[in-house]
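Peer 1: Sequence first, predicted model second:
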Amino acid sequence: KNQVEQSPQSLIILEGKNCTLQCNYTVSPFSNLRWYKQDTGRGPVSLTIMTFSENTKSNGRYTATLDADTKQSSLHITASQLSDSASYICVSFNYQLIWGAGTKLIIKP
Amino acid sequence: DAGVIQSPRHEVTEMGQEVTLRCKPISGHNSLFWYRQTMMRGLELLIYFNNNVPIDDSGMPEDRFSAKMPNASFSTLKIQPSEPRDSAVYFCASSLARREQFFGPGTRLTVL
């Protein structure tokens, strides 16, 4: 069964600290993996899209990694800011998008 | 471009009433998606269109839900009759082929 699982479910860190969010997928065949950020009350916004041949991709303070062999991805946030408080959703794509449940990240001052 | 436009932003209605949600995709995009998001179930794909044609409607919960895309710049999602369990945020998204999806601001639906 095609699934995307994320961990942790929620995370609270202090402003300025780094954090890493995890994503495991069992989607097959695999085309690409996407990370979205969803602020409260708004629609998801794409952060990165990686194909199976890409190991890492950065977007500012956000860096996503992909291990297609182990079917794992991570999203690393460097020097967190209060505006990083949001839900982060991992999405795998073959012929359809499979959405994870998301990790709710809270940045405290 | 103004991005994906959805209306209304908020809708409160009574059980049994018909509800129509509207979406204008980004100009030039040829794929349009309707999603529903709740705390319990997260983000669920209801239906998606490619070049105005419904491709996959397996996510539509039941016959009370219907979606149309009469042209490349407009789509509707209709619920008739509405029920309290339909309360959710409904998102419309568009993309060019299978590339990055751009989401609208959503419609928060409350069915009393």
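Peer 2: Okay, I see it. Bear in mind the structure is a predicted one, so any value in this text is a computation, not a measurement.
Peer 1: In contact with A:Y95, which residues?
Peer 2: For A:Y95, the contacting residues are A:S31, by CB atoms under 8 Å, 6 or more residues apart in numbering or on different chains. Where you see a C-beta, it was placed from the backbone N, CA and C, and this is true even at glycine.
Peer 1: Kindly report the same for B:N30.
Peer 2: B:50-51, B:72, B:96-97.
Peer 1: Quick one: those residues as a markdown table, columns for neighbour count and pLDDT too.
Peer 2: Putting the contacts of B:N30 into a markdown table (neighbours: other CB atoms under 10 Å in any protein chain shown; pLDDT from 0 to 100) gives the following:
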| residue | neighbour count | pLDDT |
| --- | --- | --- |
| B:N50 | 16 | 94 |
| B:N51 | 10 | 94 |
| B:A72 | 16 | 94 |
| B:L96 | 13 | 92 |
| B:A97 | 8 | 81 |
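Peer 1: so of those, which ones are in strands?
Peer 2: B:N50 (DSSP state E).
Peer 1: The contacts of B:N30: which two are farthest apart?
Peer 2: B:A72 and B:A97 (13.8 Å; CB to CB).
Peer 1: tell me which parts of chain A are close to chain B?
Peer 2: Where chain A comes near chain B, counting by CB under 8 Å from any CB of the partner chain, the residues are A:31, A:34, A:41-46, A:49, A:89, A:93, A:96-97, A:99, A:101-102.
Peer 1: just curious, which of those residues is nearest to chain B?
Peer 2: A:G43 (2.9 Å; CB to the nearest CB).
Peer 1: wouldn't A:L11 be in contact with A:C19 here?
Peer 2: Yes: in this structure, A:L11 is within contact of A:C19 by CB atoms under 8 Å, at 6.2 Å.
Peer 1: Perfect, I'm done here.
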